[in-house]
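Student: Requesting a structural model of the entry that follows:
(one chain, ligands or ions: 2)
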Amino acid sequence: MALTQDIIAKLAQHLENAELEIHDVTKITDDHPDMDWKDAYDIQYEIRRRKLARGNRLSGLKMGLTSHAKMKQMNVEDPIYGFLMDYFSLPDGARVKTSELIHPKIEAEIGFVTKAPLHGPGCHIGAVLAATDFVLPTVEILDSRYRDFKFDLKSVVADNASSARYVSGGRSRQVEELDLKNLGVVIEKNGRIVATAAGSAVLGHPAASVAMLANMLAERGEHIPAGTFIMTGGMTEAISVEAGDHIVARYQDLGQVSMTFI
Ligand code: OOG
Ligand code: MG
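Tutor: Residues are numbered from 1 along each chain as shown. Ligands and ions are numbered 1, 2, ... in the order given. The predicted structure is shown next:
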């Protein structure tokens with residue numbers, strides 16, 4: 001740990017204020033180049049603590065930067081995780097207010113809901129499939145608090161992995177009904193196809209992303225509880241959106257998820 005508790009608390013407040021007041025900031029490693037990984041997650045957990053103390057509820061967890069498309073787009077090399085809050089969740093077909101966001105982007109993800117706890121280290125795809133209640137299609141709406149979405153890995157971990165909103169819908173399915181590696185998705189923006197991918201884009205198999213989450217949480221002495229909703233990470237690169245845009249993500253065997261930005 002390179003930062004003091006006091007600085008961690010100040011940086012959490014700084015980043016959370018940027019979210020709540022809807023303005024961007026420069027990446028925090030510019031001013032704190034010696035920040036380490038533990039500091040980065042400590043800042044993220046402090047933002048989470050602040051929201052819980054205000055009465056918000058945790059609605060799930062997410063993995064990020066789990067596909068090559070995303071790693072290449074953001075110029076980073078390792079997956080990260082973040083948390084989801086109740087007010088991030090929007091219904092299928094939502095009208096998403098861009099006035100509440102800085103510079104939103106969307107990405108299609110495969111969501112899992114667990115029915116048994118998952119503990120790392122040593123968590124693997126088989127354990128995840130055995131502990132999965134169902135899978136459902138989800139579109140994440142990212143909104144980095146950093147200017148022009150430019151960050152390094154520690155800065156984006158502290159900023160809760162750019163989490164802002166998500167829409168889940170379509171139809172849920174049992175894992176044994178799906179071919180998760182080959183499961184295709186087509187993203188349309190205003191009626192035009194802007195990205196396509198398959199489940200294997202996410203660490204070879206989306207369940208590997210959940211396993212990695214359990215293994216990363218174990219480093220902090222935590223686990224994935226039963227009944228947790230988990231987004232496994234964008235399958236394609238993220239797509240910028242603005243007011244007026246209509247997004248439809250069509251999933252093989254899982255139906256579709258749509259939203260309109262206003
Ligand atoms: C970081 C969050 C990445 C994903 O699914 O890859 C993420 C970012 O790209 O801003 O949520
Ligand atoms: Mg994502």
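Student: What about I80? Give its phi and psi, please.
Tutor: phi -140, psi 170 (degrees, to the nearest 10).
Student: With the flanking residues excluded, which residue is spatially nearest to the residue in the stretch 51-200 of the chain positioned nearest to ligand 2?
Tutor: Distances between the stretch 51-200 of the chain and ligand 2 by CB to the ion are smallest at E140, namely 4.0 Å. The C-beta positions use only the backbone N, C-alpha and C, and glycine is treated the same way. Using CB to CB, 6 or more residues apart in numbering and skipping the chain neighbours, the partner closest in space to E140 is Y166 (4.8 Å).
Student: from what I can see the one you found touches M85, true?
Tutor: No: using CB atoms under 8 Å as the test, Y166 is too far from M85 to be in contact (10.3 Å).
Student: Ligand 1 contacts on the stretch 101-250 of the chain?
Tutor: E107, E140, L142, S144, V156, A161, S162, G233, G234, A238 (CB under 6 Å from any ligand atom).
Student: thinking again about what came up before, look at the residue of the stretch 51-200 of the chain closest to ligand 2 and tell me its secondary structure.
Tutor: strand (DSSP: H, G, I helix; E, B strand; the rest coil).
Student: where's M63, which helix or strand?
Tutor: According to DSSP states H and E, M63 maps onto strand 58-64.
Student: near ligand 1 at all, the helix or strand that that strand is followed by?
Tutor: Using DSSP H and E, the helix or strand that follows strand 58-64 towards the C-terminus is helix 68-74. Yes: interface with ligand 1: helix 68-74 contributes K70, M74 (CB under 6 Å from any ligand atom).
Student: Output helix 68-74 as PDB, restricted to C-alpha atoms.
Tutor: Presented in PDB, the C-alpha positions along helix 68-74 are these (Å, rounded to 0.1, in the frame of the first residue of the first chain):
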ATOM      1  CA  HIS A  68      -9.000  -8.900 -26.800                       C
ATOM      2  CA  ALA A  69     -11.200  -6.400 -28.500                       C
ATOM      3  CA  LYS A  70     -11.600  -4.400 -25.300                       C
ATOM      4  CA  MET A  71      -8.000  -4.800 -24.200                       C
ATOM      5  CA  LYS A  72      -6.800  -3.500 -27.500                       C
ATOM      6  CA  GLN A  73      -9.300  -0.600 -27.600                       C
ATOM      7  CA  MET A  74      -8.300   0.600 -24.100                       C
END
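Student: returning to what we had before: show me the contacts for the residue nearest to E140.
Tutor: L84, F88, S89, L90, T138, V139, E140, I141, M231 (CB atoms under 8 Å, 6 or more residues apart in numbering).
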